[in-house]
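> The sequence isn't on hand, but the structure is:
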């Protein structure tokens, strides 16, 4: 009975360690993603507000005609930054998912190896009798 308790405690400890590793990876990924998105939002807001400042200074139709193409350019750059950040976020999330998957795979392999070893011990004990 004591051996079963020790095996259960070891398996529980191993599972808790793996879960902690997966949680650390997921949290680190969430922090990185949030930082990337926040930086992009900051850049886009700065560019937009700079353009709106220029637009507020326009006093006639010719000035408006001169500033309008810059507004289109700012909008295009904002979209490009957002798309680029989205792609980077997706890439980082995929990598984090793969790392978590490797942790889970390692757990399954370890559990299989332990079960196989236990089964081999039972077979040896049965043959010895």
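Good, I have the coordinates. Quantities reported herein were computed from a predicted structural model and do not represent experimental measurements.

> Show the pLDDT at residue 1.
Predicted confidence (pLDDT) for residue 1: 61.

> can you check residue 22 too?
Reported pLDDT for residue 22: 93.

> Helices of this structure, start to end?
2-56, 61-128 (DSSP state H).

> Including mean neighbour count, could the ones you listed go into JSON lines?
The C-beta positions use only the backbone N, C-alpha and C, and glycine is treated the same way. Compiled in JSON lines, the helices of the chain are given as follows (neighbours: other CB atoms under 10 Å):
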{"stretch": "helix 2-56", "mean neighbour count": "13"}
{"stretch": "helix 61-128", "mean neighbour count": "12"}
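
> how about low-confidence regions in this protein?
Along the chain, segments meeting pLDDT under 70 span 1.

> dump the residue contacts of residue 71.
51, 55 (CB atoms under 8 Å, 6 or more residues apart in numbering).

> do you know how far it is from residue 105?
From residue 71 across to residue 105, the span is 51 Å (CB to CB, to the nearest Å).

> Please apply the same query to residue 21.
Taking CB to CB, one finds residue 21 at 13 Å from residue 105.

> again with residue 28
Taking CB to CB, one finds residue 28 at 20 Å from residue 105.

> Residue 53 too?
In terms of CB to CB, residue 53 sits 54 Å off from residue 105.

> ok, now residue 63?
From residue 63 to residue 105 the distance is 63 Å (CB to CB).

> With residue 9 instead?
Taking CB to CB, one finds residue 9 at 23 Å from residue 105.

> residues in contact with residue 6?
Not one residue lies near residue 6 by CB under 8 Å, 6+ apart.
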